[in-house]
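Q: Predicted coordinates and the sequence they were generated for:
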Amino acid sequence: MVRRQGAIVVALILLLLGSGVPAVMGVSYAYSRTENVQLFIWPSSRLVEPNQTVTIAVVLWKPGEGGIANATVIIETEDGLYNVTTNEDGFASLNLTFAEEGGYWVRATYGNLSTGTWIDVEKVPPYLFIEKDLELQANRSYSIEWTLVTPYVLTPYSGAVNVTVLFNGKEVRSEVVNVTDGKLKLTLRFNETGAGEVLFDGRTASHFEVREKIILAKLIGPDKAYVGQNVTVHLLVWDAGANAPYSGNLTVELKRWYYSNWTTITDNITVGVRDGYANFTLTVPDCDRIEILAGVGSHDIRIEKSAPAPQPPTNETSNETPLIFTITPDRVLAEPGQSISLVVNTTREGTYNMTVTWYRWEFRSWVWDWRGETNTTLVTFNGTKSVIKRITVPEWAYYGEVRIGDAMARIYTLRPSLWGSAWVNLTYSPETGLKTGDTLMISGDLKNKTKDWFYDWEKFYRGLANETVYIFTPWGVKTVKTDEDGRFSANVSVPSERLPNTVWDRKPEVLFIHRSGAYEDTTVDTPRARVFVNMTSDGVRINIEPADDRGIDWGLKTPTVVEFGQYFDWNYIGNVTSLYVTSNATVPGNVSPGVYLFKILPNNWLCYRDPDGGGGCSAGSHTTERIYYVTSGLELPRDVEYTGGELEVPIKLPGKGVFYYSYYSNGKEHKEIGFTDENGNGIARIKVEDLPLGVWRWLIIKFGFVSDKGALFDIDWDLWVHSTVDTLPPAVTATVTPQVQEVGKNVTINISVWDNGGIKQVNYTITNVTDVIERNSLNFTYAINGYSVMFNFTIRGLEDYILNVTAVDEAGHVTTKLVNFFGKAVETRELNLTANETHEVNVENQTQIVVAPAQNESVTMNVTVASGVENEDARVKMTAKGYEDLKYVKVETNETVKYSWVILNLTYSDEMLKRLGISENAVTLLYWNGTEWIDLSKHVGETIPDNSPYGNITVFGFGRDPVHNYVWANVSHLSEYALGVKLPDLKVEAIGPTKFYVGVPQTINVTIKNLGGPVDRPFDVVLYVNGTEVGRVTVSEVSEGAEFSLPFKWTPEKEGNYTIKAVVDPDNRIQESNESNNELIVLAEATRGASLSASGLVLTLMRVNYLYYLYYTRNIETFEKLYQEAVKANVSNATLQEALKHKELAEGYYKEAAKYGPVLSNIGNIRLFPYLRKAYVELKKAIEILEKALKA
């Protein structure tokens, strides 16, 4: 059994690491972006008994369309493969039973898409109890209590229990305890340090650690940092044994984690603590995570590899103007595909990097692809300190960040968001126990939402009316329509069930899906009795009241086990008291100040009720846990008035000391430290996001302190903030219809402004790139809450336009809204074309077309010239290829013209390039062939296939005229063209190898790839080892798309880990579209080897390892093809399982090889040899099994 479970656990871990799917809590999910398919799988219960039927549900969904019908999904268990077919809603199910106890992985596969779920099979034990984690001090006695109850009926258990205590790997105590009325009490005392556990009949009842002293250390620091960044970590330290602030030296353990090879390196530092407080500064090393441990406390810092915002290249001196950037507006609500304009301002001219990062929607409002897709462009301020950047929002984008220096603008889009809840009744009696009802009560809503929520956009978060929501349970599907507010409700029939307990894993999940692919899953909840706890210095009072969930008096009241004790970081640090309560109970006596952890069984609501009649409840998963505290002298206000700016909230501790507090505001977490005077008085400074006038905001603040009269850690401070002044800027919406319009025709402009505190002024201007065309200013003598206007604007020329709306409220807050729209010119000419003669068409003196026909003919020619690409799909594809459009030309004729050649001349202005931060030598002409853009400057003398009636286009010539500011091309026919720009993009692609032998000269190859335009001037590539330059190579020129490797010589002098960094163009000689990929850092390792033959050994190993690597990677595709053929041919499950077993073994061996870093980069590492060979051999066996079965 153990061996079988271990194998499944390994397979589960490898699958999760390889697929990147979410963990198996809730509904398991996978998504194929290339196929646009979602796959869901979940069981009717994650915790079942042996031979109990569990239903596996599968949903196959295509976002934008709906369920995929009549599709075959393969469900795989260790017992075999099962094919299920989806119904019209994309739903399928399968009933399974498992005879043995253990963990079972169930996987669903559709094509290349796969995800899985986990099921635990356990016998219902004879009694239930609450497991405990303990921190104990050596040479002290502790009284620890448990209350045991019978499953189903929840009555006190009576009977013999085998109690075993293990300590430091040895059994130190074993006895049979006869339990009566459920109570089991142990006294624990240990005279040395170590760790152990308490077992009841072989089941873990407690984990514990024994320390010489219990030093409680609360560490306050950032959750993430960047390599090379200096971060400060604060420590609040309390000696629990001495019941006093800790003073003295404290050892802090710094553990660096490296995920590439799953290694850790640990360093210890000593920090001097005085009166319970210390801090230290840490320079973040190049690793993946830092784990900081001190006393009974820890903190993790996740490491990012690059700085949070690209810093502009500067050579600053003390006499220079400080370099400051601003972006206006700094927050934009946009639509997918919309082109928006941002004004970028600086205090100093020059050329700087600006990054635009887009994050994909992952079909849930609070989930997005955190990796993002980043493009870097150069912004040039030449003769100006203000530049307009036009940015197109990708169709798939959910959220975007535009950064330059320390300035950032955030771009949001609205996406559908589902929320749902599911309830089923629960009844209890001592005779029948716990039993669920047979009807699910479903409710929820469907709304448009952004990644972050903002008050001034609240009206956009509207419900989506008359939309169909699909409700999936493991037993079927039901559809409902949303009402006018986007809400929905339904009742769904489900099987009733008798429960041994009420842990979440026994309850089914419900999946909600919308046609768009937006989904939500929730665990079915039940009514729960209320367990009210009132804790004061005089004692503890417990009272159980019937459930009133969802405003319904369910009448449910269950007996409850309640336990409590002082705690730190979710560990008990003292005696633990346990009670069996049927209605109410009191524990009298003096309760010392401190923080107490309460746990209850079963899963009821754990509540408190304050003296004013208020209160609150919370619930956990297997047991409910809640923190209560008793204090003397702590004063935290419950509400404050907000008048703008930073809140200064007075607090009072029992005495002089230090306090910490953390909270969320403005979309991020804030962590702060404060100090109090001799009387315990201090100030908590809290940054609050701007609030509408009159609004109350609830802040949940995590608070703790150490003082000379006591300490408390991690208590919840509920602070209500009442806004008494207008702190929010006006809400502004503006639209221009259509976005591209002909010269001389009108666009319709709609402007709407709203502000709770009153609007004082509305200004709006219409400008082109250089001039103000129209300006209007409205001042309101008496403040109004809303203003709207609609008017027409006549397009005056072939240019880009910007509508700039600025609104000012009574409090002086300003909102700016920018909307781009474009002019276009349409020239219609009747041409009598004569062979061997040229004919010219000129549009607005900005586009000249010269045609030379191959024969005499008369045609009608329509020429459209716009300041932006009209075709939305073409515009997005241009941006995706790294180009920015400046002008667009489309030529249509009433019949196909036979040309000898055509010349296009497209003009530009120096002022436009300066304002847009574009270099003149980067301007080019592009041709739209129907599916992609072709840069004509790269294809002179070539004939390129296209989707035109001509079948192809030939580029005879291309050139630039910087004197007269135009670009020209000589081509074979007319169609769609654009004036655009593309810059070089040099990237460090790879560094290898990364495994070396001490004293052996090595060649490190650095691979460079140019993802952008050609480079026509020299630049350097530099290699650093541990920060020291070991080589520099000058490259003269690079063509577009070129990839090449440069060799660097290096000899490691000692064993250990090395950081190798390669930098291309370190002196910024090359003007690039993306400066963020000019560096690559890898971790290398040098080990001892035979000095005379190491080089030869490495070469031999490289050849052998490479062959095994090649055979393995090629055979993976062969296996997948044969496996699909075997499934279609109805090859037996036993044979398929045997083949899969060898394939999984092969994958396991290959992953072992990959633990030493990228396989191909480390192909000379001797440690890879056995794993690559075994991977090849096992995969070969799997292929042979399938081939033999297919032949039979």
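A: Structure received.

Q: which residues of the stretch 351-500 of the chain score low on pLDDT?
A: For the stretch 351-500 of the chain, residues meeting the criterion pLDDT under 70 lie at 367-370.

Q: and with 90 instead?
A: Within the stretch 351-500 of the chain, the set of residues satisfying pLDDT under 90 comprises 351-357, 361-362, 364-396, 405-407, 432, 451-462, 499-500.

Q: Likewise for the stretch 101-250 of the chain?
A: Counting by pLDDT under 90, the stretch 101-250 of the chain contains low-confidence residues at 103, 118, 223-230, 241-243.

Q: Break down the stretch 751-900 of the chain into its helices, ranges please.
A: Under the criterion DSSP state H, counting those that start in this stretch, the stretch 751-900 of the chain contains helices at 872-880.

Q: any idea where the strands of it begin and end?
A: For the stretch 751-900 of the chain, the strands defined by DSSP state E, counting those that start in this stretch cover 772-794, 800-809, 814-833, 839-843, 847-853, 857-866, 884-893, 899-907.

Q: Kindly reformat these as CSV containing mean pLDDT.
A: What follows is these, written out as CSV (pLDDT from 0 to 100):
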stretch, mean pLDDT
strand 772-794, 91
strand 800-809, 90
strand 814-833, 86
strand 839-843, 86
strand 847-853, 89
strand 857-866, 88
strand 884-893, 85
strand 899-907, 90
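
Q: For Thr643, which of these is the nearest?
A: Distance to Thr643, taken as C-beta to C-beta, is lowest for strand 800-809 among these, at 15.4 Å. For the C-beta atoms, the positions are set from N, CA and C on the backbone; glycine is no exception.

Q: buried set for that closest one?
A: Using 16 or more other C-beta atoms under 10 Å as the test for burial, strand 800-809 gives 800-809.

Q: so Val59 touches Phe40, yeah?
A: Yes - under the criterion of C-beta atoms under 8 Å, Val59 makes contact with Phe40 at 4.2 Å.

Q: So for these two, which residues contact both of them?
A: Common neighbours of Val59 and Phe40 (criterion: C-beta atoms under 8 Å, 6 or more residues apart in numbering): 472, 511.

Q: Now do the buried residues in stretch 68-85.
A: 68, 71, 73-77, 81-82, 84.

Q: Tell me the one of these nearest Ala409?
A: Ile68 (39.1 Å).

Q: right, and the closest one touches Asp89 too?
A: No - contact criterion C-beta under 8 Å: Ile68 and Asp89 do not qualify, at 9.4 Å.

Q: rewinding a little: which members of the buried residues of stretch 68-85 are positioned in strands?
A: 73-77, 81-82, 84 (DSSP state E).

Q: and the two most separated of those?
A: Val73 and Thr77 (13.6 Å).

Q: residue ranges of the helices in this protein, please?
A: Secondary structure of the chain by DSSP state H: the helices cover 2-19, 872-880, 910-916, 1094-1128, 1133-1154, 1168-1191.

Q: Show me where the stretch 951-1100 of the chain has its strands.
A: With DSSP E, counting those that start in this stretch as the criterion, the stretch 951-1100 of the chain has strands at 952-961, 966-971, 976-981, 986-992, 995-997, 1002-1010, 1019-1025, 1028-1035, 1043-1050, 1056-1064, 1079-1087.

Q: I'd like to know which of the ones you listed is closest to Gln741.
A: strand 976-981 (18.4 Å).

Q: who does the closest one pair up with?
A: Looking at strand 976-981 with DSSP bridges, its partner strands are strand 884-893 (antiparallel), strand 923-928 (antiparallel).

Q: and it with strand 899-907, angle?
A: Going by axes from the mean of the first three to the mean of the last three C-alpha atoms, to 10 degrees, strand 976-981 is angled at 40 degrees with respect to strand 899-907.

Q: was I right about Gly589 contacting Ser537?
A: No - checked against C-beta under 8 Å, the pair Gly589 and Ser537 is beyond contact range at 9.7 Å.
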